[in-house]
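1. Here is a sequence together with a model predicted from it:
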Amino acid sequence: MENKIYTIKDIARMAGVSAGTVDRVLHNRGDVSHASMEKVQKVLDEIDYQPNVFAIGLAAKKRYRIVCIIPYYIEHDYWHAVAQGVGRAAQELHPINVGVDYLYYSHADKQSYEEACRLLQQESTDAVLIAPNFEEETLKLTSYLEKNDIPYVFVDFNIEHTHALCYIGQDSRTSGYIAAKILMSSYEAGQELVLFLNNQKNNPAEIQMQRRLEGFMQYLAERHYNLPIHDIVLHKEDADTNLQILDAFFNEHPKAVLGVVFNSRVYQVAHYLQQKGQKLKNLLGYDLLQKNVEYLRTGEVNYLIGQRPGLQGYCGVKALCNHIVFKKTVTAVKYMPIDVMMKENIDFYFEFE
């Protein structure tokens with residue numbers, strides 16, 4: 001359609017309904033038949049109707065509140081990037097009376113996650129952004145939200161058998177498959193592979209890591225089914241124990257020259273290698289944490305797979321706003337690009353322009 005400003009009367013005429021019906025659809029005031037709703041929506045889609053966001057905020061004088069349930073974070077870590085994206089969206093939406101608040105929990109801590117979910121149910125909110133951690137507890141929360149007609153969005157990890165407005169994040173299995181394809185690109189006969197896992201690998205909160213591993217192993221099963229593979233379990237906080245584990249492993253397995261870390265802590269392995277003056281032929285990890293990027297630049301890490309956490313947070317809040325304020329249809333799944341970073345291209349990577 002040509003670029004012009006359409007009034008409510010214009011839209012009513014094109015849809016064959018009354019101006020009052022169009023007004024009720026635009027402002028979600030109810031009392032509109034399904035047939036009339038479809039007629040109005042068809043016209044809105046055809047003219048690519050973009051409501052005046054400032055007019056909406058001033059005219060409605062309604063305040064909207066979005067609550068984000070995400071893990072506690074420190075500066076420069078993965079969840080800090082998510083929060084920065086949320087903050088950017090919140091700043092943009094402030095003029096139309098959309099406020100954003102947070103409820104934090106300790107990642108992989110079931111009791112902490114349950115407490116955040118419980119607190120949310122005591123809050124007054126119009127929509128919720130969730131970084132889900134434990135499936136059973138998340139299902140209890142989503143059941144409450146659905147019962148109370150509160151829309152919610154998942155970021156980082158998707159729980160498919162829910163009625164989330166949308167999921168924004170990576171396809172974890174495909175990401176793992178690509179990781180294996182990249183890592184094995186330099187494989188030579190006789191070499192061995194080591195999977196650096198974490199001591200909470202079987203924790204119900206680590207489903208995303210498990211899906212990456214599944215995709216990774218699928219590629220190996222298709223192309224390298226006779227490859228010697230070793231599992232090394234590292235601890236998140238215990239550097240001394242990790243040092244002993246890695247020393248013992250590399251002394252016993254000099255042919256293990258290909259390595260992958262499925263969480264954000266490839267820097268643990270890279271730090272060890274740097275201290276020992278060693279490098280693996282190929283070491284791949286996830287997420288553009290500052291420490292990971294430093295080791296990518298110095299060569300201990302060969303590849304990092306990024307998943308744009310800031311953009312996830314930003315798009316999650318904007319999707320909720322589009323639904324509750326502008327009554328727009330939201331795409332059910334928005335997959336983030338699977339960005340593969342190397343020393344040669346890391347300086348050209350920007351999540352936001």
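-> Great, that's in hand.

2. Tell me which stretches of this protein form helices.
-> Taking DSSP state H, the helices of the chain run over residues 8-15, 19-26, 34-46, 53-60, 78-93, 110-120, 135-147, 172-183, 207-223, 239-252, 266-276, 290-298, 309-324.

3. buried ones in the fifth one?
-> Within helix 78-93, the residues scored as buried using 16 or more other CB atoms under 10 Å are 78-90, 93. In this view, the C-beta of every residue, glycine as well, is placed from N, C-alpha and C.

4. Name whatever forms a beta bridge with the nearest residue to residue 154 once chain neighbours are set aside.
-> Nearest residue to residue 154, sequence neighbours excluded (CB to CB, 6 or more residues apart in numbering): residue 167, at 4.6 Å. On the basis of DSSP bridges, residue 167 is bridged to residue 154, residue 333.

5. quick one: low-confidence ranges for the stretch 51-200 of the chain?
-> Low-confidence segments of the stretch 51-200 of the chain, defined by pLDDT under 70, are located at 51-61, 200.

6. Kindly recompute the last result at 50.
-> 54, 58-59 (pLDDT under 50).

7. Tell me the gap between stretch 106-117 and the middle of its chain.
-> Remark: stretch 106-117 is offset 18 Å from the chain centroid, using CA atoms, centre = their mean, to the nearest Å.

8. swap in stretch 122-138?
-> 15 Å.

9. Quick check, residue 224 in contact with residue 184.
-> Yes. With contact defined as CB atoms under 8 Å, residue 224 reaches residue 184; the gap is 6.1 Å.

10. and stretch 224-238, how far from the chain's centre?
-> In this view, stretch 224-238 has its centroid 25 Å away from the chain centroid, taken as CA atoms, centre = their mean.

11. how is the chain carved up into domains?
-> 8-51, 64-170+309-336, 172-306 (the TED database).

12. right, so of the ones you listed, which gets closest to residue 344?
-> For residue 344, the closest of those is domain 172-306, at 10.0 Å, according to CB to CB.

13. quick one: contacts for residue 129?
-> The contact partners of residue 129, by CB atoms under 8 Å, 6 or more residues apart in numbering, come to 66-70, 86, 152-153, 155, 313, 316-317, 320.

14. With residue 155 as the reference, measure out to it.
-> Computed with CB to CB, to the nearest Å, the distance linking residue 129 and residue 155 is 6 Å.

15. Spell out which residues are contacts of both of the two.
-> Going by CB under 8 Å, 6+ apart, residues that sit against residue 129 and also against residue 155 are 70, 313, 316.

16. quick one, what contacts the residue nearest the centre of the chain?
-> What sits nearest the mean C-alpha location of the chain, by CA atoms, centre = their mean, is residue 156, with 2.5 Å. For residue 156, the contact set (CB under 8 Å, 6+ apart) comprises 82, 131-132, 169, 208, 307, 309, 312.
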